[in-house]
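> just to be clear, the model below is a prediction. Sequence and coordinates:
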Amino acid sequence: MIMKKQNHFLIYLLLLITTIGNNKLSAQTDPTFEQTVDYIIKNTKGRVMYPGALDSYSRVKGYVLKDIKIDKTGRIELFTDQKFDDNKFSINFNIFDLVQKVDYPDGIRAYKFLVHFNGLNVSSGYGITFATDADAQKIARAFRHLKQVCTPENDLFSQIPAEEKKIKLTREETIDYINKLIRFDSPLVIHYGTSNTRSGKSYYYTKKINLGLSYDYSSKSYIFKSKTSFFSSKGGPLDFVDESIHTYKVKFAYYNSYGIKNWDDKLNGGKTSETFQIYFNPNNYLDSSVEIYFPVNADYGDKIYDLEGTYSKEIKKLAKAFERLKELDSDEKDPFED
């Protein structure tokens, strides 16, 4: 019975010692907000602060830190002996706004005898000097620890709205995107005529291909270019005859809609030829429509396929890209132009 009581007492004693040890360890490894602030103020007041990059420290350009204020939202204010007129010069920032990099854990770096902050209101940051590298390392750890014991304030505009999160391409990016969709290695081939001669029948074809879309900054308008090449054949290979470049000039502020243009190709068994059309609201100086060519047939104009069915994904993507250009143009449009 006595042995059992002794065993219980020893177990209780061990648990008590372990608990006390853990509490001491916790106290050593997890300083409170107040302890962290006191440590930073005690070991940083009177040090020299300097503006600029990590290696730009100079005693001539340094300012003595007169006071430091830190609140529980992570906001830090550093007061120096530098003055502008009668106003003391101070640096205000929030520990949560520092910019982290590979060599800047939590936006703070200890290097030799310096502690440097990244992402403050000068492009190269600010630093504080210390007597030794060990001092700098400890203060850097203390500043980083503030993130553990501070709570960022709930700023009314800190949350990014869903509309702002959406990826919006620039004009140049949108034009590049459109060009990737409309530039093809193969042309649209149209059989447009046949003639009878003494030497036999001659067949006439056009090959239409998109050259791309560009933007003219001087006129703030878009240029669509396409090439039509003319060929003839006597039943064998196609012989080149001539070619022409067609230019469309438009403004997407006037973009209206898109559609498929159909016409009967009697020379090709009555099948329907199709091209993609972009329509714009009337404007005296610009084109009201643009024709874009999708390769939907073979070299001799036969095997014509359903354009909208074959290129449905590309057409939907183009429609969204056109709307983006309209949005960009509408922002620049004169409100009294119409």
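Sure, I can see it.

> in the longest strand that the chain contains, which residues are buried?
Longest among the strand segments of the chain by residue count, using DSSP state E, is strand 200-216. Of the residues in strand 200-216, 203-211, 213 count as buried by neighbour count, 16 or more other Cβ atoms under 10 Å. (C-beta placed from N, C-alpha, C; glycine too.)

> which of those residues lies closest to residue 182?
residue 210 (4.6 Å; Cβ to Cβ).

> tell me the mean pLDDT over the longest strand of the chain?
Taken as a whole, strand 200-216 carries a mean pLDDT of 89.

> residue 100 and residue 144 touch, don't they?
No. Between residue 100 and residue 144 there is no contact under Cβ atoms under 8 Å: 10.3 Å.

> between the two, which one's more packed in?
Under the neighbour definition other Cβ atoms under 10 Å, residue 100 and residue 144 were set side by side, and residue 144 has more, 17 against 12.

> ok so the more buried one is a helix residue?
Yes. Checked against DSSP: H, G, I helix; E, B strand; the rest coil, residue 144 lies within a helix.

> re earlier: strands paired with the longest strand of the chain, and their directions?
The pairing partners recorded for strand 200-216 under DSSP bridges are strand 188-197 (antiparallel), strand 221-233 (antiparallel).

> helices of the stretch 151-300 of the chain, start to end?
For the stretch 151-300 of the chain, the helices defined by DSSP state H, counting those that start in this stretch occupy 162-165, 171-182.

> any chance of these in CSV, plus mean neighbour count, mean pLDDT and distance to residue 106?
Listed next are these as CSV, based on neighbours: other Cβ atoms under 10 Å; pLDDT from 0 to 100; distance: least, Cβ to Cβ, whole Å:
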stretch, mean neighbour count, mean pLDDT, distance to residue 106
helix 162-165, 7, 68, 25
helix 171-182, 16, 93, 33
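
> residue 62: which of those helices is closest?
Using Cβ to Cβ, the nearest of the helices of the stretch 151-300 of the chain to residue 62 is helix 162-165, at 40.2 Å.

> list of residues touching the helix or strand that residue 139 is a member of?
Using DSSP states H and E, residue 139 maps to helix 133-149. Contact with helix 133-149 is made by 30-33, 36-37, 39-40, 43-44, 70, 72, 74, 76, 95-96, 105-106, 108-115, 128, 130, as judged by Cβ atoms under 8 Å, 6 or more residues apart in numbering.

> picking up where we left off before, starting at the chain centroid, how far to the longest strand of the chain?
Centroid separation between strand 200-216 and its chain, computed with Cα atoms, centre = their mean, to the nearest Å, is 37 Å.

> quick check: angle from it to helix 171-182?
Angle of strand 200-216 versus helix 171-182, following axes from the mean of the first three to the mean of the last three Cα atoms, to 10 degrees, is 160 degrees.

> what's the neighbour count on residue 309?
9.

> of all the residues in the one helix or strand it maps to, which ones are buried?
According to DSSP H and E, residue 309 maps onto helix 307-310. Burial within helix 307-310, assessed by neighbour count using 16+ other Cβ under 10 Å, is assigned to residue 307.

> tell me where the protein has strands.
Chain-ordered strands for the chain, with DSSP E as the definition, fall at 48-51, 63-70, 75-84, 87-94, 108-111, 114-117, 126-129, 188-197, 200-216, 221-233, 239-250, 255-265, 271-280, 289-292.

> nearest to residue 178, of these?
Taking these one by one with Cβ to Cβ, strand 200-216 is closest: 5.3 Å.

> measure residue 289 to residue 182 for me?
15 Å (Cβ to Cβ, to the nearest Å).

> actually residue 319, not the one I wrote
13 Å.

> same question, residue 275
From residue 275 over to residue 182 (counting by Cβ to Cβ), the distance is 12 Å.

> find the residues that touch each one of these two.
Shared contacts of residue 275 and residue 182, defined by Cβ under 8 Å, 6+ apart, comprise residue 292.

> burial measure for residue 145, as a count.
Neighbours around residue 145, by other Cβ under 10 Å: 19.

> of the contacts of helix 133-149, keep whichever come out buried.
The neighbour-count test (16+ other Cβ under 10 Å) marks 31, 33, 36-37, 39-40, 44, 70, 74, 76, 95-96, 106, 108-111, 113-115, 128, 130 as buried among the contacts of helix 133-149.

> residue 97 contacts residue 119, doesn't it?
Yes. Contact criterion Cβ under 8 Å: residue 97 and residue 119 qualify, at 6.6 Å.

> between the two, what contacts are shared?
residue 107.

> need phi/psi at residue 131.
Here is the backbone geometry of residue 131 (degrees, to the nearest 10): phi -70, psi -40.

> what sits closest to it if chain neighbours are left out?
Excluding the flanking residues, the one nearest residue 131 by Cβ to Cβ, 6 or more residues apart in numbering is residue 113, at 6.7 Å.

> check what pLDDT the one you found gets.
Reported pLDDT for residue 113: 87.

> how near is the residue nearest the centre of the chain to residue 329?
The centroid of the chain falls nearest to residue 167 when counting by Cα atoms, centre = their mean (6.6 Å). Look at residue 167 and residue 329: by Cβ to Cβ, they are 19 Å apart.

> before we move on, back to that, just the angle between the longest strand of the chain and strand 239-250, please?
Using the same axes, to 10 degrees, strand 200-216 lies at 30 degrees relative to strand 239-250.

> having no further points to raise, I will conclude here.
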